[in-house]
Every structure is written in C-alpha cells, then in structure tokens.
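Chemist: got a predicted structure here, sequence first:
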Amino acid sequence: MAILLHPHPFSLLILLSLFSLLLNPSSCFHLKLLNFSKLQSDTDWSPAGATWYGPANGAGSDGGACGYEDAVEKAPFSAKVSAGGPSLFKSGKGCGACYQVKCTGNEACSGSPVTVTITDECPGCVSESTHFDLSGTAFGAMAKSGQDDQLRNAGVLQIQYRRVECEYPGTSVVFHVDSGSNSNYFASLIEYEDGDGDLARVYLQQALDSDMWVPMQQSWGAVWKLDYGSELRAPFSIKLTALESGNTLVAKNVIPAGWQPGKTYRSVVNFNG
C-alpha cells in the first residue's frame, strides 16, 4: 500500500517564500547584508612587536628612508608614523602604507587602535616577523589618557596590527620634483596617496604622446625616476598603480611646462577622491 507524504505546512511556506524572492528581486531582502568579510573585520588582527624612537612627542625622524622629510610632522601624517621592519618596509615599496596598531598587554594600554603610516625603515627590527618602530607620538597614542609617558617607559611591547586604507580627506596626491632632475632625467617623491597608500608602478606621459606611457623606476623610498636619455617634453602626466589593489590613478598634466627641480606640484586627484 502506498503512503502519501504531505509536506509540513511550515516547510511549504519557506519554499514559497524563497520562490517569491527569486521572482521578485526588488524584495526588501538584500543578500549584501550577508557580507562575511565585514563580519571578520574585527578578528583580522595579527601579532607584532613594537618599539619607539626619536623624541617622546615627535615624529621619529625627519622623513627617514621614504624621503617624506618634515612632512611626517604635519597633517595629514601628524607624527602618527612608523619605521617598518623588512616585512613592512618592503625595500621602500611599503612607504605610505597604513596600519592600525593597538596594545593590551601593559596596564597603560588603552586597547584602542591608532592608525599609522610607514615613513621610514628599521632594518634591524627582525626579532619578530613584523615589527613597528613607532614615533614617540604614535607609541604614546596607544596609551590610556594621561599615561602615554608610562607606556613609552615600557620601551618594547607586543601589539596587534592590521592593514587599513589610508584616508586623507581633502588631500590630493603631491609630487616633489627631485633637485637633481633635468631635461633628460626626471625624479619625484610621491606622497599622500590614499587607499592602498603604497605604489607598485609609476608611468610618465609626455606632451603630445597621448598613447605612450613610459615606465618609471623606483629610485629609493617613495622616490620614482625616469632616466630618459633624451629631452623630455612637458607637461607630464603621471599614472600611479597601487601595490595591493592594483587600482590606477592618472594625474593629468600635473608637472607643467617650465617645471623646476626642487619644486612641489599638487594634483587635483586621489584614489578615493
């Protein structure tokens, strides 16, 4: 004798509801709410070591191995900077990258994250796979209110860190032309890239060469160069490719005709602009 199985009314209701969602994409149910990367954002911290250098309330050193000079003390860096061990500095390719750091292992630690930018190198920082040699200002910023000196007295900390996007609201990418540049050789420090913060590739386009982008080479730190071997024709457009995301940005005609070595030229664009 055959047995007829009747579906449970609750199960049938679920099936009908799912079928309705498929037929009606304008429903108030949004799949983007199920964003697992968002759910993991509070658990993606990794361990690192931290020390500090320079004046207790200073910016470490004036620019250091990235070449930012006294910009490290001013907005938007505002002395919240760090020298990086080899895994962070990446032979200069890590210049400009941003990280959040926090500490909990000392009674003076606040546990609140502080955002810092890599602006210098710490070649001897190899006791851990990842090490931040923070400015005195950045190190003290991890402390509870009024206990920054107490935290700096610890000297060495085990901290947690994670990579974050750089955010420089209202700030565009800036090009500081190297003082050694001439009609055949062009070099520039590039800074304030938001988003990734660091660069994988840089290209230069000369006037009248609208289809030709000439690759530049990393000279040192955040300085990129082009030894063209013949006369370069300004104005120059500069195309930047971010290191992590691969996003590109074009600063059109940012280096004008009649440019001068040692001068600074500000674009009107940025990656998150």
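Modeler: Looks like it arrived, so ask away. Numbering: from 1, shown residues only.
Chemist: could I get the full set of strands for the stretch 51-200 of the chain?
Modeler: For the stretch 51-200 of the chain, applying DSSP state E, counting those that start in this stretch gives strands covering 81-84, 98-102, 114-121, 131-135, 157-164, 174-177, 185-191, 199-205.
Chemist: in contact with the nearest residue to residue 235 once chain neighbours are set aside, which residues?
Modeler: Among residues not flanking residue 235 along the chain, residue 253 sits closest, at 4.1 Å (Cβ to Cβ, 6 or more residues apart in numbering). C-beta coordinates here come from the backbone N, C-alpha and C atoms, glycine included. Going by Cβ atoms under 8 Å, 6 or more residues apart in numbering, residue 253 touches 235, 236, 237.
Chemist: quick one: secondary structure of residue 253?
Modeler: strand (DSSP: H, G, I helix; E, B strand; the rest coil).
Chemist: if we can go back for a sec, return the most buried member of the strands of the stretch 51-200 of the chain.
Modeler: Neighbour counts (mean count of other Cβ atoms under 10 Å) averaged over each of those peak at strand 81-84, with a mean of 28.
Chemist: just so I have it, where are all the helices in the chain?
Modeler: Counting by DSSP state H, one finds helices in the chain at the ranges 9-23, 36-39, 86-89, 136-140, 148-152.
Chemist: what separation is there between the closest residue to residue 220 other than its chain neighbours and residue 69?
Modeler: Leaving aside its sequence neighbours, residue 220 sits nearest to residue 92 (Cβ to Cβ, 6+ apart; 6.0 Å). Going from residue 92 to residue 69 by Cβ to Cβ, to the nearest Å gives 15 Å.
Chemist: how about residue 143?
Modeler: Residue 143 sits 28 Å away from residue 69, going by Cβ to Cβ.
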